[in-house]
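Participant: sequence first, predicted model second:
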Amino acid sequence: MSQNPTYHQEYIAPAALEWINKQPFSKQYKDIYFTADGIDEVYRIYLKPSAMLERMDLGVCINVGELGFGSGLNFAITATEVLQRTKKHLHFISFEAHPLAYEAWQKLALSRPNLEIYRTLADNPPPLLTGWHRRSFANGRVQLSVFHGNALEGLQDLAKRQRQPVDAWFLDGFSPPKNPSMWDLDVLSAIADNSTQGTSVCSFTSAGAVRRRLEALGFVMRKVDQQPIKRSSLAGILVSRGAKQRQSTPRRVSVFGAGIAGCTVARHLADQGVQIQIFDPNGVASGGSKMDVSALHCRLLGDTSPGAEFRARAFHYARSYHPNFPGFSATGAIQLAMNDNELSKIRRIAKVYAPDANATQNWLTYLDEQTLTEDFQLVGLGALVFPSAAIIDLPQLCHGLIEHPLIEFVKTAGIETEQHPFIVACAGASKSFANTQSLEIGEMYGQLDWIKPVTEAQITMPIVGNGYVIPGDKEWTVGSSYEYEPWTSAEASTSNINKNRRFLGDDKMTSLRHKRAARCVSSDREPVVGKLSAMGWISTAHGSMGTSSAPMAAVMISSQLLGWITPVSERVEVNLSPQRFIARQARRGVKHVGPKPE
């Protein structure tokens, strides 16, 4: 459970493409991504031979696995068919060693104007980062989990951490002669490890070696006539019992706390058909979630620690999730380097997340001093620009999240029970529940101030880093103070203004108004997310990162309750676990967090 940075590769190079007649062609594998009749091919090779939508033995959610996410066409067509022809949900799990860059997604979306899901995916594709990524579509009915990296590594992780079996497999990597590692026995064996009796497998290839390996693993295979397009493809069914059996999912869950942590996890579960009661005696969006101006940006650390890994993925998931609800305003953000230490940090961040200056990304750009001045008329040694950053109105967001027929809000304190699952998400009050005594969490106050700046600076987007400045038409928002001991509101206002004075002008100014709230933090400044007991879960200590970390915490907890892989690595799960403090306390005792008790 060490917090020290360990080796972990974050950036993954995008696929090297050529475009031939507006179709992508892999330079590495010397092969096409899809045929000229790409959409028809999905039906011919996968949907029809699998008979997936006609099966009567599947649960409410169909789990589809795919090797070779590629251009995402199989996913988009499958999702569209599930939505239009059934009342079921879809969890589509795919693996990709060479993901597409943002520019390629945008180009492909132009050629798929009638696929709404495809356009949504292209606007927020999985970033060029290794490991798991999650996207949600159609009010949660469609979930996409994509693994970037070696397929065998991802499949083995899926076998370990996903309890639900895959119902249908689409094998769509490049052809065996051009990509032999994807078709070897270890990979196909891992497919069987994630399957159950009746799981179908379909592939565009009819290679004898692939067919024989699948038959040796318990699949009964057949050739599917594909003439005149090609000779044949493969389809089959697993007739043995299989390594996994379908798991039941909870029908009812209680959530304690109606801030952003509680509201996001409530909505994630309700969208999967789970009945939710959310309890909070203080009402919706109290505490830290009462702030109506909160910056959604990526608070990157510049290392490869589990905490850094979580922050990057949490931001990307939140950025794809929040626009579905009220209170979201796309703004972008700039993180300035004003001294050598800050410059060193942003250069480290750029090296970890964007080492290839030629790879188009839609979320992170490094600017040197000259470009910063030319493009933004700002003075600094350098900067990171986050084009997809945003501002969140937390009360609007929280109320929008729980506006769902399966969510009931109850304005009382919740009582834990072992009759059905419950989730503790009530900030510092989380320590009042069972199995929380070891948590090292506490509350620290912060304040936002609204001011009228006296400056001629042309600041076009929020400036983040040591606090933040959010420009407006008439008033600017500055903050947020981080008070180890509560200050007076006047002290906090002075701190917020002085910290950002270089952007505000040198003239004397005062706060027009302010808003204060307590934020729950942990001793290591990481959120606390995970299992408390047989029926209990927790999501708390999001501090000032709740706009980005709470949605990822929600998808982690809901995925575990539903039997799905979580879109973070196992080391991130361990790093956020509520049990992480126990071993530390055996060495050094309990670490107090927040204002000292009187």
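Facilitator: Structure's in. What do you need?

Participant: please make it C-alpha for all contacts and neighbour counts, starting now.
Facilitator: Will do.

Participant: so which residues make contact with stretch 289-302?
Facilitator: Contacts of stretch 289-302 with the rest of the structure, by C-alpha atoms under 8 Å, 6 or more residues apart in numbering, involve 259-260, 308, 311-312, 315, 319, 333, 345-346, 348-350, 352, 386, 389-396, 465, 477, 515, 517, 545, 547-548.

Participant: revised request: answer the last question for stretch 49-65.
Facilitator: By C-alpha under 8 Å, 6+ apart, stretch 49-65 touches 47, 82, 85-86, 88-94, 164-170, 200-202, 224, 235-236.

Participant: buried sites along that stretch?
Facilitator: For stretch 49-65, the neighbour count (16 or more other C-alpha atoms under 10 Å) marks P49, S50, M52, L53, L58, C61, I62, N63, V64, G65 as buried.

Participant: what about it, start to end distance?
Facilitator: One end of stretch 49-65 sits 15 Å from the other (C-alpha to C-alpha, to the nearest Å).

Participant: I'd assumed L448 was in a strand, is it?
Facilitator: Yes. Assessed by DSSP: H, G, I helix; E, B strand; the rest coil, L448 belongs to a strand.

Participant: who's in contact with it?
Facilitator: L448 is in contact with T477, V478, G479, S480, S481, S493, N496, H514, K515, R516, counting by C-alpha under 8 Å, 6+ apart.

Participant: what do you get for Q437?
Facilitator: Applying C-alpha under 8 Å, 6+ apart to Q437 gives the contacts K431.

Participant: picking that back up, can I get the buried residues of stretch 49-65 in CSV with distance to V568, secondary structure and pLDDT?
Facilitator: Output for these, formatted as CSV (distance: C-alpha to C-alpha, whole Å; DSSP: H, G, I helix; E, B strand; the rest coil; pLDDT from 0 to 100):
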residue, distance to V568, secondary structure, pLDDT
P49, 33, helix, 96
S50, 30, helix, 96
M52, 28, helix, 94
L53, 30, helix, 94
L58, 27, coil, 93
C61, 21, strand, 97
I62, 22, strand, 97
N63, 19, strand, 98
V64, 19, strand, 98
G65, 18, strand, 98
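
Participant: what helix or strand does the residue sitting nearest the centre point of the chain sit in?
Facilitator: Closest to where the C-alpha atoms of the chain average out (C-alpha atoms, centre = their mean) is Y317, at 2.9 Å. Using DSSP states H and E, Y317 falls within helix 306-321.

Participant: burial measure for L188, as a count.
Facilitator: L188: 18 surrounding residues under other C-alpha atoms under 10 Å.

Participant: what's near enough to touch it?
Facilitator: Counting by C-alpha under 8 Å, 6+ apart, L188 makes contact with R213, L214.

Participant: for it, grab phi and psi.
Facilitator: Dihedral pair for L188: phi -70, psi -30, per degrees, to the nearest 10.

Participant: picking up where we left off before, in strands, which of the contacts of stretch 289-302 fall?
Facilitator: Taking DSSP state E, the ones among those that sit in strands are A333, F386, A390, I391, I392, G465, T477, K515, A517.

Participant: isn't the fourth one up against A330?
Facilitator: Yes. Taking C-alpha atoms under 8 Å as the contact criterion, I391 and A330 are neighbours in contact, 6.4 Å apart.

Participant: ok so, going back, next, format the ones in strands among the contacts of stretch 289-302 as CSV and append distance to N341.
Facilitator: As requested, the ones in strands among the contacts of stretch 289-302 are arranged in CSV below (distance: C-alpha to C-alpha, whole Å):
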residue, distance to N341
A333, 20
F386, 20
A390, 26
I391, 27
I392, 29
G465, 13
T477, 26
K515, 31
A517, 30
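
Participant: from those, pick the one nearest L155.
Facilitator: Nearest to L155 among the ones in strands among the contacts of stretch 289-302: F386, at 32.2 Å, using C-alpha to C-alpha.

Participant: wasn't A235 part of a strand?
Facilitator: Yes. Counting by three-state DSSP, A235 is part of a strand.

Participant: contacts only, for it.
Facilitator: A235 is in contact with P49, S50, S200, V201, C202, S203, M221, R222, K223, V224, counting by C-alpha under 8 Å, 6+ apart.

Participant: for the last one, name its beta-bridge partners.
Facilitator: Put plainly, it is V224. Taking DSSP bridges as the rule, V224 bridges to S233.

Participant: kindly report the same for the fifth one.
Facilitator: Beta-bridge partners of C202, counted by DSSP bridges, are F170, A235.
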